[in-house]
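Asker: structure of the sequence below:
(chains A and B)
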There are 2 protein chains.
Amino acid sequence: MDRKPWGIGVAGLGTVGAGLLQFLGENPAFAPAGGLAYVSGVSARSRSRPRPVDISNIPWFDDPVALAQADATEIFVELIGGSDGPAKAAVEAALRAGKPVVTANKALIAEHGAELAALAEENDAPLLFEAAVMGGVPAVKVVREALVGDDIHSIAGILNGTCNYILTEMEATGRSFEEVLAEAQRLGYAEADPTMDVGGFDAAHKITILAALAFGCAPNFAAAEIEGIDQVALLDIRMAKDLGYRIKLVASAERSPHGALVRVHPTLAPLDHPLARAGGALNALFIEGERTGRLFLQGPGAGAAPTAAAVAADISDVIAGARRPVFQAPAEDLTPFDPVDPSKLMGRAYLRFLVKDEPGVIAAVSETLAEAGVSIESFLQKPTEGAEGVPIVLTTHAVAESALSAAVERIAGLPAVLDRPRLLRIARI
Amino acid sequence: MDRKPWGIGVAGLGTVGAGLLQFLGENPAFAPAGGLAYVSGVSARSRSRPRPVDISNIPWFDDPVALAQADATEIFVELIGGSDGPAKAAVEAALRAGKPVVTANKALIAEHGAELAALAEENDAPLLFEAAVMGGVPAVKVVREALVGDDIHSIAGILNGTCNYILTEMEATGRSFEEVLAEAQRLGYAEADPTMDVGGFDAAHKITILAALAFGCAPNFAAAEIEGIDQVALLDIRMAKDLGYRIKLVASAERSPHGALVRVHPTLAPLDHPLARAGGALNALFIEGERTGRLFLQGPGAGAAPTAAAVAADISDVIAGARRPVFQAPAEDLTPFDPVDPSKLMGRAYLRFLVKDEPGVIAAVSETLAEAGVSIESFLQKPTEGAEGVPIVLTTHAVAESALSAAVERIAGLPAVLDRPRLLRIARI
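Answerer: Here you go, the predicted structure:
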């Protein structure tokens, strides 16, 4: 078997980078197609920071761009992160030099995927990013390669382990979002600045990439509708459960004759639904296609070892030598999808209102909904413990989102309604 | 983009073959890597049998070997089935002619995989078989490509939709195996000769293939331990449910320091376990690796459209041009794994005995188990409706299989035991 050495330049030596160095050190002949992978150079912010692997014998580069361009770098692995700055500069340099790039950088691909695909194509260099989406779950490969004989209608899943952990803990322990987040930060499960995760942006990057692969479009992060979990109240988690649902941060992409819709928002999933049952830091994904029907994938969406294994799989694919367009079509044919007009979007919803405890209030809310054409499916009012106002919760039958928003606005203006109504969507998958 | 025409020769025109012809007719440019797929020739048992696609304009071959060798055949698709005979002859002819082969034939790959891999390698021709395992679920690709950066310890799943349908219906309707099988045959869900499915052989072919890919071994169908569902009694389904379990036909492959174990048998899975929750004709698979942890895949394991989509994905991979060894290592390095000695195998079990309703019987059974070192975890005796004998059911703690079998033999010989004891294993995943 061909055991040609392959020089791997690794930029970014956080936990994933260190995990990759360890793996390659122990398994240089891991690629079934042959070759002998060795780390030909590394770059990171600090050379001296303590790491679980010894890098003293590996050529060091202060500048990741120089590493990307170095003669010894035959495959460039970018684990720096961030949509711009050194990560982008180094990936561009590697592609310009015709070198295959493997990256775990979801922000970079979601925000600059189309231009990088064009650069990759011009220079005949593969650009792979399995580790950017769902860590150890091969969602990118499945959508890019296994489903090319299908027309994918929709994909939906739990793509952010931190949010899933926080929501799982809130339900299990009855603590607020703020308390659980603070604990997750203490334990290292959430970043010091948690915005990317809890604001839904990380999940939005990932679903943007999957949507581009599924629908053969340019990634269009700007068109993603994003709502995080920072406004999810414990009360909603409890009320939803009483109605038979669990609140999850669901990222979804749907293709329809009206265009495509990519969004991330807290979503009610029936308690026995596989998405509702994926707890803790798990990631889970449904893919629905015309021919295949429904595929479900679940596994560890983050972590150094699974993510490093995903990077290794991409390196193996480079060595195996397949040539595919980055996003299913030549870069020049890639166009962003058309976002869907909310008046075309039908769905069921959960609504919570805090109202004055006085006669006629429920009638006023119900009438306003009826006038807007919103039909109520279930209704829940629980006795309160001396708090100001009474929470009432209802779920609706399928209704156009625009009609629903208008009805909620009108209800918010009723004198008996004490607080901003809370609207959450019910899963369509 | 390169739109080189690719002649696809399709042998076997059952539902999958007809589905593939329809797909290729409507989507000749489906492969993202380029090319224009067209059906260059077909072969089947009957030329005139009514089919949902018109084949009158496609060159016809009476002999699949001639189709495999035809100049116009650039990729040979084998959908004939059967481990030997024309399927094997045609696949060998195509590989000898250096032509890429795509097959859905699990028996052929499980029983002759190693020799076909050698032939593929000698002639530098890819041999792909995604559609042979789990229909529309890309289990082969995930194990072969996505997990090469991992060490897979075990895989386990529901790989036969017919058995899963029968077990699901038995539980749901309270009918016997024989009744549900007869209905499934009437509805076309089971074959006239159901042995391959209900005998566990189909699932064993599939797990043999996955084991070879997961462990980098030669497929070793002869070493698979196989037990089907034809002996699963409604009573066991009910008793298991009372104990919190559902009976599923689980195919599993485990790697240990003692070798590898590949087997198929009815298995008790806890009711809230994803395998227990995969009902009807669904297929489901767990893959457990050193670095990735646990991956779970679920989807349609059969059906014309999903299986044709899997064949199309393999054609796309041929066009993309990757070169990988058929079973993760060069054919000359492939060796069959060592089967595991049952005395090394630990597991929990479900035991059912039919005993005389008289004092001292339970004591005798318990003592025999205790003497053999088998420790009881739970015990269930239900009042009977005037039948001869009383069924008692128990589950054990983990115990060596050899000790358990010995204990069961001894209990079978007790005078108060009326029938052959029933032993079922409890899932280890």
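Asker: quick one: low-confidence parts of the stretch 301-429 of chain A?
Answerer: Scanning the stretch 301-429 of chain A for pLDDT under 70 picks out the ranges A:385-387.
Asker: enumerate the residues of it near chain B.
Answerer: Residues of the stretch 301-429 of chain A lying close to chain B by C-beta under 8 Å from any C-beta of the partner chain are A:303, A:305-306, A:308-313, A:315-317, A:320-325, A:328-330. Glycine gets a C-beta too; all of them are placed from N, C-alpha and C.
Asker: how about the nearest residue to residue A:90 once chain neighbours are set aside, phi and psi?
Answerer: Leaving aside its chain neighbours, residue A:90 sits nearest to residue A:64 (3.8 Å; criterion: C-beta to C-beta, 6 or more residues apart in numbering or on different chains). As for residue A:64, its main-chain torsions (degrees, to the nearest 10) stand at phi -60, psi -30.
Asker: contacts only, for residue A:64.
Answerer: By C-beta atoms under 8 Å, 6 or more residues apart in numbering or on different chains, the residues touching residue A:64 are A:11, A:12, A:43, A:78, A:80, A:86, A:87, A:89, A:90.
Asker: what is the most widely separated pair among those?
Answerer: Spanning the widest gap among the contacts of residue A:64 are A:12 and A:89, at 13.0 Å by C-beta to C-beta.
Asker: who has more neighbours out of the two?
Answerer: Set residue A:12 next to residue A:89 and count neighbours by other C-beta atoms under 10 Å in any protein chain shown: residue A:12 wins out with 25 against 15.
Asker: run a quick neighbour tally on the closest residue to the more buried one other than its chain neighbours.
Answerer: Leaving aside its sequence neighbours, residue A:12 sits nearest to residue A:79 (C-beta to C-beta, 6+ apart; 3.3 Å). Around residue A:79 there are 27 other residues, counting by other C-beta under 10 Å.
Asker: gap between residue A:79 and chain B?
Answerer: 14 Å (C-beta to the nearest C-beta, to the nearest Å).
Asker: surely that residue and residue A:104 touch.
Answerer: Yes - if you go by C-beta atoms under 8 Å, residue A:79 and residue A:104 touch, sitting 5.5 Å apart.
Asker: mind listing the shared neighbours of those two?
Answerer: Shared contacts of residue A:79 and residue A:104, counting by C-beta under 8 Å, 6+ apart, come down to A:16, A:311.
Asker: what parts of the stretch 51-200 of chain A come near chain B?
Answerer: For the stretch 51-200 of chain A, the residues in contact with chain B (C-beta under 8 Å from any C-beta) are A:130, A:136-138, A:141-142, A:144-150.
Asker: residue A:237: which of these is nearest?
Answerer: Taking those together and measuring to residue A:237 by C-beta to C-beta, the closest member is residue A:137, at 25.5 Å.
Asker: spit out the contact partners of the closest one.
Answerer: By C-beta under 8 Å, 6+ apart, the neighbours of residue A:137 are A:283, A:285, A:297, A:298, A:299, A:300, A:301, A:306, B:295.
Asker: what subset of those is buried?
Answerer: A:283, A:285, A:297, A:298, A:299, A:300, A:301, A:306, B:295 (16 or more other C-beta atoms under 10 Å in any protein chain shown).
Asker: pLDDT check: weakest of these?
Answerer: Note: of the buried ones among the contacts of residue A:137, the lowest pLDDT belongs to residue A:301, at 90.
Asker: quick one: the residue nearest to residue A:90 from chain B, how far?
Answerer: Residue A:64 is 22 Å from chain B, where distance means C-beta to the nearest C-beta.
Asker: can you give me the neighbour number for residue A:235?
Answerer: 16.
Asker: where do the helices sit along chain A?
Answerer: Taking DSSP state H as the test, the helices found in chain A are A:15-26, A:64-69, A:86-96, A:106-122, A:139-141, A:161-173, A:177-187, A:195-198, A:201-215, A:234-242, A:274-277, A:304-320, A:361-371, A:401-412.
Asker: go through those and name the closest to residue A:389.
Answerer: With C-beta to C-beta as the measure, helix A:361-371 is the member of the helices of chain A nearest residue A:389 (9.9 Å).
Asker: now the angle between helix A:401-412 and the closest one, please.
Answerer: Counting by axes from the mean of the first three to the mean of the last three C-alpha atoms, to 10 degrees, helix A:361-371 points 150 degrees away from the direction of helix A:401-412.
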